[in-house]
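Asks: missing the sequence, but the structure's below:
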């Protein structure tokens, strides 16, 4: 029940998501006194929702270590426990990101063959949509981590973006083979030689992200987070410039009226609520992080991401791909030894 406007947007978002996915059933963890009247406002949710009462919550300012020690009865921890115990297929939270990652990794563990989970998100591009990871979970990564991120991103693109053979690119400071740090160059070598059905396009640069050059952008968490925040800031700046330009004169205002429908289409395409729902990939369970400041539309989209990952067997597909990856890598390790 985390988030800036929880639990209201959680319940409203759940109602909206069920319009798209009528088969949904919910387990809600939080204060029953708060949740009951909100559910009563959505009669269609009452019969398909089970409330598990707890008044313990993880605050946004809580450190992951603090959350792990003192948050055993929190709504976040109980929701993650439900996934581990098979009561729920996925967990969606708008709460503290660090605490969610720490708790999910502690409770669910990582899938076999995965050293570190990664945060993945969907961003709009000139060609449609692109998945990008890691967006902040791992500040420093070695080649093995990056290769694992590539496999996770490829499975995610197949299951959520519905791409049969998604293309993969490693974010770098240039496209030439000699560019970049050793970890990035080594990861590229492994991806070029793998027998997995991965379409590896090599290195890409920052401008390739929004151009949609590849379907999956792979990078370390530090670079990925900076790139994401820079893109968000640039989009916000452009929107402000555009708003000021249309207000600058009566001719500009007239131009806005003539272009109003097109501007609405543009606004819809870049609406961050459409892309809400960052995925914590690599865990032995489906965990989706909603933006804390979103509304019911954004939260319903985060639920939608969890549903699509579940329906398309995300965990099973990732397990299969990592088994194949280990088969690829083991001969290399034996030769090296």
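Replies: Received the coordinates, thanks. Quick caveat: nothing in here was measured; it's all calculated off a predicted structure. Residues are numbered from 1 along each chain as shown.
Asks: So in terms of bridging, what pairs with the most centrally placed residue in the chain?
Replies: Computing the C-alpha centroid of the chain and ranking residues by CA atoms, centre = their mean puts residue 278 first, at 1.9 Å. As for beta bridges, residue 278 partners with residue 289 under DSSP bridges.
Asks: Test my guess that it contacts residue 117.
Replies: No - between residue 278 and residue 117 there is no contact, the gap being 11.6 Å when judged by CB atoms under 8 Å. For the C-beta atoms, the positions are set from N, CA and C on the backbone; glycine is no exception.
Asks: who touches residue 202 in this structure?
Replies: Residues near residue 202 by CB atoms under 8 Å, 6 or more residues apart in numbering: 169, 170, 175, 188, 192.
Asks: rewinding a little: distance of the residue nearest to the centre of the chain from residue 50?
Replies: Counting by CB to CB, to the nearest Å, the gap from residue 278 to residue 50 is 26 Å.
Asks: swap in residue 296?
Replies: Going from residue 296 to residue 50 by CB to CB gives 20 Å.
Asks: neighbour count winner among these two?
Replies: Shown here are residue 296 and residue 50; by other CB atoms under 10 Å, residue 296 has more neighbours (19 against 11).
Asks: so the more buried one makes contact with residue 9?
Replies: Yes - using CB under 8 Å, residue 296 is in contact with residue 9, at 5.1 Å.
Asks: Helices of the stretch 151-300 of the chain, start to end?
Replies: 182-193, 206-211, 221-246, 250-258, 260-269, 296-311 (DSSP state H, counting those that start in this stretch).
Asks: Highest mean neighbour count out of those?
Replies: Of these, the one with the most neighbours on average (mean count of other CB atoms under 10 Å) is helix 296-311, at a mean of 22.
Asks: Summarise which helices and strands it is packed against.
Replies: Using 3 or more CB pairs under 8 Å, 6 or more residues apart in numbering; DSSP states H and E, the elements in contact with helix 296-311 are helix 8-20, strand 90-93, helix 143-159, strand 286-289.
Asks: Adding distance to residue 212, write these out as TSV.
Replies: Formatted as TSV, these follow (distance: least, CB to CB, whole Å):
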stretch	distance to residue 212
helix 8-20	25
strand 90-93	27
helix 143-159	12
strand 286-289	23
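Asks: For these, could you give me JSON lines that also reports distance to residue 202 and mean neighbour count?
Replies: Formatted as JSON lines, these follow (distance: least, CB to CB, whole Å; neighbours: other CB atoms under 10 Å):
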{"stretch": "helix 8-20", "distance to residue 202": "37", "mean neighbour count": "21"}
{"stretch": "strand 90-93", "distance to residue 202": "34", "mean neighbour count": "25"}
{"stretch": "helix 143-159", "distance to residue 202": "12", "mean neighbour count": "25"}
{"stretch": "strand 286-289", "distance to residue 202": "30", "mean neighbour count": "25"}
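Asks: wait, which of these is closest to residue 303?
Replies: helix 8-20 (4.0 Å; CB to CB).
Asks: Other residues contacting the closest one?
Replies: Residues contacting helix 8-20 (CB under 8 Å, 6+ apart): 1, 3, 24, 26, 28, 35, 38-39, 41-42, 44-45, 48-49, 94, 294-304, 307.
Asks: switch the cut-off to 7 Å
Replies: 1, 3, 24, 26, 35, 38-39, 42, 44-45, 294-297, 299-300, 303-304 (CB atoms under 7 Å, 6 or more residues apart in numbering).
Asks: same deal with stretch 178-198?
Replies: So stretch 178-198 is in contact with 141-143, 146-147, 150-151, 154, 165, 168, 170, 172-173, 200, 202-203, 321, 324-325, 328, going by CB under 7 Å, 6+ apart.
Asks: quick revisit: farthest-separated two in the contacts of residue 202?
Replies: So, the contacts of residue 202 by CB to CB: farthest apart are 175 and 192, at 13.8 Å.
Asks: Show me what the host helix or strand of residue 66 is packed up against.
Replies: For residue 66, the host element (DSSP states H and E) is helix 64-70. Here helix 64-70 touches helix 97-108, going by 3 or more CB pairs under 7 Å, 6 or more residues apart in numbering; DSSP states H and E.
Asks: burial of the residue nearest to residue 6 when sequence neighbours are not counted, as a residue count?
Replies: Leaving aside its chain neighbours, residue 6 sits nearest to residue 94 (6.1 Å; criterion: CB to CB, 6 or more residues apart in numbering). Using other CB under 10 Å, the number of residues around residue 94 comes to 28.
Asks: Next up, the contacts around residue 94.
Replies: Neighbouring residues of residue 94 by CB under 7 Å, 6+ apart: 2, 3, 6, 290, 291, 292, 294, 299.
Asks: try it again with 8 Å
Replies: Residue 94 sits next to 2-4, 6, 9-10, 289-292, 294, 299, 302 when contact means CB under 8 Å, 6+ apart.
Asks: ok, those vs residue 256, which is closest?
Replies: residue 294 (27.3 Å).
Asks: Verify the stated contact: that closest one with residue 276.
Replies: Yes - assessed by CB under 8 Å, residue 294 is found in contact with residue 276 at 5.2 Å.
Asks: list the residues that contact both of those two?
Replies: residue 302.
Asks: Pretty sure residue 205 sits against residue 169.
Replies: No - Residue 205 sits out of contact with residue 169 when judged by CB under 8 Å, with a separation of 9.3 Å.
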